[in-house]
Structure formats: structure tokens, C-alpha cells
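> just coords:
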């Protein structure tokens, strides 16, 4: 499926929830990894405010894409944010949504 770049050049972005390891299989505890690099993946909640509207996004990033603590309320820069739609069938029920992925998240200057 294709992905789409998201322009955050006019947005203010804050950490809403600190990064947590993304699981490939919650039952076994297997961690999700980047298919290209093998880096472990994490999920971080971001509050994006732009043009008077605020939205909360769960964004996947490689553990190599952030350093130190990303704590709630911290203003950040998001590098290479992309969105991709997805669809799957789980227990006979079709599910769909949009996933978000970034190359890196760094503290705002």
C-alpha cells in the first residue's frame, strides 16, 4: 500500500505519551522490528495542533529515531512523518484504519 507524506511545517507538536515498545505478538511478547534495518519499533503518542485544531496520533518510530526521554508535554519536531491506510481480517471481522510512521522525533529547538 502506498504511504503519504504529512506536512507539519505549520504545526506545533507535543509528546502526549512516552514511547513504548511496539509488540508484534502481545501473547508471546515478541517485539515489532523494522523490516529493513532490524531496529526495534516503539509507539509514541503525539498531539498535533495546526490551524486551530488539535489531534492525537499514535506514531511508530524506530528506537534509533529518538534519543533520551520523550516526556509528555515536551515540544518536538517530527522527521519524515507518513500515513498509510491498512485493512485486515481478524476473527472474520474486517478492520481498517490509518497508521502513522516517522523516521525520527527530536526535541524542538
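Arrived safely, thanks for sending. Remember, predicted model here, so these are calculated numbers, not experimental data.
> Let me see the contact set for the spatially most central residue of the chain.
Centroid-nearest residue in the chain: residue 59, 1.1 Å away (criterion: C-alpha atoms, centre = their mean). By C-beta atoms under 8 Å, 6 or more residues apart in numbering, residue 59 lies in contact with 43-46, 78, 81, 100-102, 105. Glycine gets a C-beta too; all of them are placed from N, C-alpha and C.
> And residue 1, what's its pLDDT?
pLDDT for residue 1: 66.
> what does residue 97 give?
Taking residue 97 on its own, its pLDDT is 93.
> Same check on residue 68?
82.
> again, but for residue 90
85.
> what ranges do the strands span in the chain?
For the chain, the strands defined by DSSP state E occupy 3-5, 12-21, 23-25, 30-31, 41-50, 53-62, 76-79, 82-90, 93-101, 104-107.
> Looking at the ones you listed, which is nearest to residue 69?
Taking C-beta to C-beta, strand 12-21 is the member of the strands of the chain nearest to residue 69, at 7.3 Å.
> what pairs with the residue nearest to the centre of the chain across the strands?
Taking DSSP bridges as the rule, residue 59 bridges to residue 44, residue 100.
> And for residue 23?
Bridge pairing for residue 23 - DSSP bridges - gives residue 31.
> The closest residue to residue 79 other than its chain neighbours: how many residues sit nearby?
The shortest distance from residue 79 to any non-neighbouring residue, by C-beta to C-beta, 6 or more residues apart in numbering, is to residue 104 (4.2 Å). Counted with other C-beta atoms under 10 Å, residues neighbouring residue 104 total 16.
> For residue 104, give me its contacts.
Contacts of residue 104 by C-beta under 8 Å, 6+ apart are 61, 65-66, 78-80.
> hmm, 10 Å instead?
Residue 104 makes contact with 61-62, 64-67, 76-81, according to C-beta atoms under 10 Å, 6 or more residues apart in numbering.
> on that earlier part again, now pLDDT too, for the contacts of residue 59, in CSV please.
Shown next, in CSV, are the contacts of residue 59 (pLDDT from 0 to 100):
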residue, pLDDT
43, 97
44, 97
45, 97
46, 98
78, 97
81, 97
100, 97
101, 97
102, 97
105, 97
